[in-house]
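Asker: Let me see the structure of the following:
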Amino acid sequence: MIGKLRKKIGQYYFRKENLRVERQCQMTNLKDARKIGILYTLDNVPDYELVSQFVAQLQGEHKEVKTLGFVKNKNLVQRFLPKLSFDFFSKRDLTWFYKPIHKQVRDFIEREFDLLIDLSLYDSFPLNYISGLSNALLRVGKFSEENNDYYELMIDLKPSLTSEEYLGQIQHYLTVINKNAKRL
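Answerer: Numbering: from 1, shown residues only. From the prediction side, this is the model:
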């Protein structure tokens, strides 16, 4: 019950901040995107390795990539040392109503990305908050009715979908997307 109240307060503050954000949405595909931001929830080593491989692939294509991982378990933070393109934040970096307040979060939100990809399989208000306020031209994430405020392109997930399959779906749709398409 208290968790729902905290989230409602967080959503209220998000909508209030979102009114002040002026940004343009622009369709882009993976080939043409030069600056890419990646958000993800870091629960285990395989997810970290999957993100690392994806980042290495994009950087191999001469793209500027910045990642921000949300670590739910404080003990995992020490296991993953920050790399040049990787930043992390944890529950201790959230306000009482789940708003992320870490300096790296603010830097990530203000950075101008051509494409922002949220790789988390489950709804996470802190990651949605970051996506919703991001200056990215195109924001991509998981489909749900409440995510309309956070993403322009949403991928519908089956409950049994793995992180690897979800990433494959994102890559597929971002490869075939027509960058000249207009948003509805």
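
Asker: From here on, just use CA atoms for contacts and neighbour counts.
Answerer: OK.

Asker: which SS class is Leu39?
Answerer: Under DSSP: H, G, I helix; E, B strand; the rest coil, Leu39 falls in the strand class.

Asker: which stretches of this structure form helices?
Answerer: Using DSSP state H, the helices of the chain run over 2-18, 45-60, 74-77, 103-110, 125-133, 163-176.

Asker: Averaging pLDDT per element, find the lowest-scoring helix or strand in the chain.
Answerer: helix 74-77 (a mean of 60; mean pLDDT, DSSP states H and E).

Asker: Quick check: which ranges of the protein have low pLDDT?
Answerer: 74-84, 179-184 (pLDDT under 70).

Asker: Go again with 50.
Answerer: 184 (pLDDT under 50).

Asker: How many neighbouring residues does Ser124 have?
Answerer: Neighbourhood size, Ser124 [other Cα atoms under 10 Å]: 13.

Asker: Start at 183, not 1
Answerer: Will do, 183 is the new start, and the previous item becomes Ser306.

Asker: Let me know which of the helices of the chain is tucked in deepest.
Answerer: Using mean count of other Cα atoms under 10 Å, the stretch among these with the largest mean neighbour count is helix 307-315, at a mean of 23.

Asker: From the contact counts, what lies against it?
Answerer: Counting contacts by 3 or more Cα pairs under 8 Å, 6 or more residues apart in numbering; DSSP states H and E, helix 307-315 packs against helix 184-200, helix 285-292, strand 297-300.

Asker: closest to Gln208 out of those?
Answerer: strand 297-300 (9.2 Å; Cα to Cα).

Asker: With only the CA atoms kept, save that closest one in CSV.
Answerer: What follows is strand 297-300, C-alpha atoms only, in CSV (Å, rounded to 0.1, in the frame of the first residue of the first chain):
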residue,chain,number,x,y,z
LEU,A,297,18.3,6.7,-29.6
LEU,A,298,17.5,5.6,-26.1
ILE,A,299,16.9,1.9,-25.5
ASP,A,300,15.5,0.6,-22.2
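
Asker: and the helices and strands packed on helix 307-315 as JSON lines, adding distance to Leu212?
Answerer: Shown next, in JSON lines, are the helices and strands packed on helix 307-315 (distance: least, Cα to Cα, whole Å):
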{"stretch": "helix 184-200", "distance to Leu212": "26"}
{"stretch": "helix 285-292", "distance to Leu212": "19"}
{"stretch": "strand 297-300", "distance to Leu212": "8"}
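
Asker: Looking at those, spot the one closest to Leu240.
Answerer: Ranking the helices and strands packed on helix 307-315 by their distance to Leu240 (criterion: Cα to Cα) puts strand 297-300 first, at 12.1 Å.

Asker: So for the closest one, what gets flagged as buried?
Answerer: Neighbour counts over strand 297-300 (16 or more other Cα atoms under 10 Å) mark Leu297, Leu298, Ile299, Asp300 as buried.

Asker: Could you pull up the residues touching the third one?
Answerer: Residues in contact with Ile299 (Cα atoms under 8 Å, 6 or more residues apart in numbering) are Ile218, Gly219, Ile220, Leu221, Arg321, Val322, Gly323.
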